[in-house]
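> got a sequence here, can you build the structure:
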Amino acid sequence: MTSNTVCLLPGDGIGLEVIPAAANILEVLDIGLTTEKYPIGWQCFNETGEALPKSTLDAVIRSGLALFGATRSPSGGAPGYSSPIIDLRQQLNLYANVRPARSLPVPSSRQNIDLLIIRENTEGLYIRREHWQDQDTAIAERRITRASCERVATIAAKYAQQRKGLLTIAHKSNVLTLSDGLFLKVVRDTARNCAPDITIRDQLIDALAHDLVIKPESYDVIVTPNMYGDIISDLTSALVGGLGVAASANVGESCTIYEPVHGSAPDIVGKNLANPTATILSLGMMLEDLGHRDASNRLKLELNNTLAAGICTPDLGGEATTDIMLTSILEKLTK
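Okay, the predicted model is just below:
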């Protein structure tokens, strides 16, 4: 990625509170990145009839770089509405979701955890097109392709090579012999070819979920089909402080969208209680990927220093507001 323009997609709910915090941080860091804000989400849908306007999609395509906040999806759906983040993943072919879980200096975080979930991001049960329903039965097809398995295996193997050299393939091929069987075989073969020096093991997804609760420190990089990764990445976030600290990146060939995955949190909207940690960590991932490693490390250091000083929002056991947390971090960055 070489773009100097970050498309800000605040969306709905607390996305409108945490994404401006990222813009403030970029301004203080002063590393040559500019920002442009674009509408997306449920409010946008109600105002324009589109949850993902073409102008927003075109801007993300031009830039190749975006920071997404959160969008509200109505329970049970609404005619004409579909999740814009899923649409972005599929339309921009953002084939890998990269989700770290790393220990933080807060009471709700277990220590010695540093793992990475790499989730195939475009297929599985989330394709939303191949389905059938009558009054009594609903059938949704699950699609796994060799090409998508190869792509996600390649990025997972590269991350494992850069980290501790251990890659775990999550699957359920003992039951889903066709789809998960293909995922397991292609990912294993591709990873071996890409990084012959790493250790590759595979594990049934239910056993993996158990072990991630019991001994998460024994894992490094985990690669999964779409839905499994969606579930276990939330599990691993709970080990290190919850969804308020869960950062991610949706990676494609020509575009990456970084995303705090906490959702729109309607219960705390407007109360100045939104935890900016996930957004800050997502921004740190972006900076590192863009080659601004010093700025990324500095940002994560000052976030950790703020959390270690007990300056954190109520979801992490503190009493700070969003603004107080952000002010503490910005003050540290300006010194």
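> surely Leu65 touches Leu9?
No - using C-beta atoms under 8 Å, Leu65 is not in contact with Leu9, being 11.1 Å away. C-beta coordinates here come from the backbone N, C-alpha and C atoms, glycine included.
> between the two, which is the more surrounded one?
Between Leu65 and Leu9, Leu9 has the larger neighbour count (other C-beta atoms under 10 Å), namely 28 against 21.
> which parts of the protein are helices?
Here the chain has its helices, by DSSP state H, at 15-29, 42-48, 54-63, 84-91, 146-162, 179-194, 205-214, 226-239, 277-289, 293-308, 322-334.
> need the winner for burial among those helices.
Comparing the helices of the chain by mean neighbour count (mean count of other C-beta atoms under 10 Å), helix 277-289 comes out on top with a mean of 24.
> show me what it is packed against.
helix 15-29, strand 65-70, strand 96-102, strand 249-251, strand 256-258, helix 293-308 (3 or more C-beta pairs under 8 Å, 6 or more residues apart in numbering; DSSP states H and E).
> how far is that helix from where the chain is centred?
10 Å (C-alpha atoms, centre = their mean, to the nearest Å).
> and the residue nearest in space to the middle of the chain, how far from Gly76?
In the chain, the residue lying closest to the centroid (C-alpha atoms, centre = their mean) is Ser248, at 2.3 Å. Between Ser248 and Gly76 the computed distance is 26 Å (C-beta to C-beta, to the nearest Å).
> now Val18
27 Å.
> same question for Ala195.
The value you get for Ala195 to Gly76, if C-beta to C-beta is used, is 44 Å.
> what strands flank the helix or strand of the chain with the lowest mean pLDDT, and is each parallel or antiparallel?
Lowest by mean pLDDT, DSSP states H and E among the helices and strands of the chain is strand 131-133, with a mean of 82. Sheet pairing for strand 131-133, assigned by DSSP bridges, gives strand 138-140 (antiparallel).
> what does the strand it pairs with contact?
Leu125, Glu130, His131, Trp132, Gln133 (C-beta atoms under 8 Å, 6 or more residues apart in numbering).
> do the same with stretch 42-62
For stretch 42-62, using C-beta under 8 Å, 6+ apart, the contacting residues are 7, 9, 11-12, 36, 38-41, 66, 71-74, 78, 80-84, 87-88, 91-92, 254-255, 257, 264.
> average pLDDT for that stretch, rounded please.
For stretch 42-62, mean pLDDT is 96.
> nearest to Leu273, of the contacts of strand 138-140?
Leu125 (33.7 Å; C-beta to C-beta).
> give me the pLDDT for Ser83.
89.
> tell me how many other residues crowd the residue lying closest to it once chain neighbours are set aside.
Spatial nearest neighbour of Ser83, chain neighbours left out: Ser73 (5.5 Å); criterion: C-beta to C-beta, 6 or more residues apart in numbering. Ser73 has 19 neighbours, counted by other C-beta under 10 Å.
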